[in-house]
Each structure stands twice: as structure tokens, then as C-alpha cells.
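Asker: next comes the sequence, and after it the predicted model I'd like to discuss.
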Amino acid sequence: MPRAQDPQLPEPVLQQIARGALLYEIPHDAVAPYYIPGILRTVLARTQLYGSSDISEAMGMTVIRLHPEKITPDPEPEQGQALTVLRALSSPDDDEHPFLIGFLMLDNSRMRLYVQRPEQPGIIGADIRLTGTPTALIASLPTLIDEEQYQQPAPDDPHCDLLADLTNW
């Protein structure tokens, strides 16, 4: 059987790719690890100007020394915030009785989490705000969904029996 030929890239494109390796150096004592993703989002999203003293070469890669004190980190995008929440509420051990069984992105940086309680029937939709979602909210979610002050009927959502509005928590 004839083998399909591998696609070939023109020589100039191959050279560009080979020379395109960049290494960003962030001084370890200049910024807490928490801020590094935001700094990299900022650097990679916009055109940056660097002085010749900030550019060097190592192992065939261009090394760019960043100055985090001069960079305002971009905030995490909504999709990244949602993924953080979903990862925090999911576990590979939850195969048989998962707490989180679904989600729905809503407007204004809100998300509805569909959760189930282990000893009680029914599904609860928990509305949360993604911007600035505190770790305490995620950790307290199993308890908060049971508190009557947050619960209301869910006549417009066929995927849950109750809604828990935690957007102002």
C-alpha cells in the first residue's frame, strides 16, 4: 500500500520555527509564583519592547529577562477561572457518586454548578460569580447548598430541582 508523503514546509518557515524558541527569565526573588501566569499572559498577549541588556542567548534559544515590577499582570480570563473552579470540585475518585455533575456558563461572569448530595435525592444548581471566587466558597459549597437561606425553586431550569444563589457570598 503506498504511503502518504509527509507534508513539507518551505525552508524559510523551518528556519523561522527553529529560531522562534524563546525563554522568559523571571527573577525568582522579584515575584511570588502566584503572579507568574498573569505576567506571562501580559507578555504573550501584547507587543513588548526589550532593551539589548534584557536579551541574550542560551542553548540556541533567545532569553528575554522580564522585569515583573514593570508589568501589570493581565487578569485570568473567564474560561480559566471556570476551569479552576471545576478542577477544585472534581476528583478522579468521584466516579461512582460525583458531587459535581455539570455546569452552565451564565452572563456577567457567573456560572451555574450542577451538584448532587450523597445522601439526598435531587440536583441543585449553585450560581457562583467567577470573578474573585474565594477558595472558601469552593470549600464550603457542599454545606452552603443545604442552607435554606440560599435555596429557591428552579422552575425555569429543567436540569435541577433547587437553585442556590451564592453570587453574593
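Answerer: Right, received. Where do you want to start?
Asker: in the biggest helix by length in the chain, what's buried?
Answerer: Determined from DSSP state H, the single longest helix within the chain is helix 78-89. By neighbour count with 16 or more other C-beta atoms under 10 Å, helix 78-89 contains the buried residues 81, 82, 85, 89. For every residue, glycine as well, the C-beta is placed using N, CA and C.
Asker: do the same with stretch 91-107
Answerer: Result for stretch 91-107 [16+ other C-beta under 10 Å]: buried residues 99, 100, 103.
Asker: quick one: the residue nearest to the spatial centre of the chain and residue 26, what's the gap?
Answerer: For the chain, the residue sitting closest to the mean C-alpha position, by C-alpha atoms, centre = their mean, is residue 80 at 2.1 Å. Here residue 80 is placed at a distance of 19 Å from residue 26 (C-beta to C-beta, to the nearest Å).
Asker: same check on residue 53?
Answerer: Taking C-beta to C-beta, one finds residue 53 at 16 Å from residue 26.
Asker: ok, now residue 151?
Answerer: For residue 151, the distance to residue 26 - C-beta to C-beta - is 46 Å.
Asker: among the buried residues of stretch 91-107, which are in strands?
Answerer: 100, 103 (DSSP state E).
Asker: possible to save the buried residues of stretch 91-107 as JSON lines with distance to residue 33 and pLDDT?
Answerer: Converted to JSON lines, the buried residues of stretch 91-107 look like this (distance: C-beta to C-beta, whole Å; pLDDT from 0 to 100):
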{"residue": "99", "distance to residue 33": "28", "pLDDT": "88"}
{"residue": "100", "distance to residue 33": "27", "pLDDT": "91"}
{"residue": "103", "distance to residue 33": "28", "pLDDT": "94"}
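Asker: what residues are up against the residue nearest to the centre of the chain?
Answerer: With contact set as C-beta atoms under 8 Å, 6 or more residues apart in numbering, residue 80 has no partners.
Asker: before we move on, the earlier item: residue 53 and residue 26: which is more packed in?
Answerer: Remark: of residue 53 and residue 26, residue 26 carries more neighbours, 19 against 7, as counted by other C-beta atoms under 10 Å.
Asker: quick check: that one vs residue 74, distance?
Answerer: Taking C-beta to C-beta, one finds residue 26 at 15 Å from residue 74.
Asker: and for residue 47?
Answerer: Noted for residue 47: a distance of 14 Å to residue 74, by C-beta to C-beta.
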